[in-house]
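got a structure for you, letters missing:
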């Protein structure tokens, strides 16, 4: 069972915060978007283009279910992963078993420079700001439903977000061994 699962919209810092948590604790980090790309043998943008969003979402549901069952470190989910009822059920069972699902919340003003709204994010093509806002309107209630903890990432560094999560988990970052002063 993962130590913590990170969910949130594009630009909330899921992958970056996952890396910061891993660095602070020594926990292994896994990202379901990377799992989907590895399984498909191509980038997510190509999966959307070649196979369509339904094919991507099926791979994503499978990746989340597998990762929650297998992984025991930090798990970062793709931004839309929580929309699938099957994934919501997996996350509810994980939370009921004592797991922590963190909703990394972010404003559009903060997400925009983080994401860059480029072509590697197929759901943000066209008018990226309007698309992101529309995604958040639809997804916010789901993020809030599956989350056991919410962290507002605006104006925080990834290390500061990681520190807030670790404090909420009651987990301290690994520290270097200290040498006792012989005096």
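On my side now, so go ahead. Just so it is clear, the structure is predicted and the values come from calculations on it, not from any experiment. Residues are numbered from 1 along each chain as shown.

ok, so what distance separates the nearest residue to residue 1 once chain neighbours are set aside from residue 41?
Sequence neighbours aside, residue 99 is the residue nearest to residue 1 in space, at 5.9 Å (criterion: CB to CB, 6 or more residues apart in numbering). Where you see a C-beta, it was placed from the backbone N, CA and C, and this is true even at glycine. Relative to residue 41, residue 99 is positioned 30 Å away (CB to CB, to the nearest Å).

mind checking the SS state of residue 48?
The three-state label for residue 48, taken from DSSP: H, G, I helix; E, B strand; the rest coil, comes out as helix.

Do I have it right that residue 78 meets residue 36?
Yes. The pair residue 78 / residue 36 is scored as a contact, 7.1 Å apart, by CB atoms under 8 Å.

what touches both of the two?
With contacts defined as CB atoms under 8 Å, 6 or more residues apart in numbering, the residues adjacent to both residue 78 and residue 36 are 44, 60.

Let me see the ranges of the helices in this structure.
For the chain, helices defined by DSSP state H occupy the ranges 14-25, 32-40, 44-51, 53-70, 85-96, 108-115, 128-146, 158-169.

coming back round to it: who has more neighbours out of residue 99 and residue 41?
residue 99 (18 against 8; other CB atoms under 10 Å).

got a pLDDT number for that one?
In this prediction, residue 99 carries a pLDDT score of 95.

Can you pull the phi and psi angles for it?
When read as degrees, to the nearest 10, the backbone of residue 99 gives phi -80, psi 160.

Wait, it touches residue 5, no?
Yes. Applying CB under 8 Å, one finds residue 99 in contact with residue 5, separated by 6.6 Å.

show me where pLDDT drops low in the protein?
Flagging of the chain using pLDDT under 70 yields the residue ranges 109-129, 132, 172-183.

Give the burial count for residue 93, as a bare number.
By the criterion of other CB under 10 Å, residue 93 has 12 neighbours.

let me fix that: residue 39
14.

From what I see, it and residue 60 are in contact.
No. With contact defined as CB under 8 Å, residue 39 does not count as touching residue 60 (9.8 Å).
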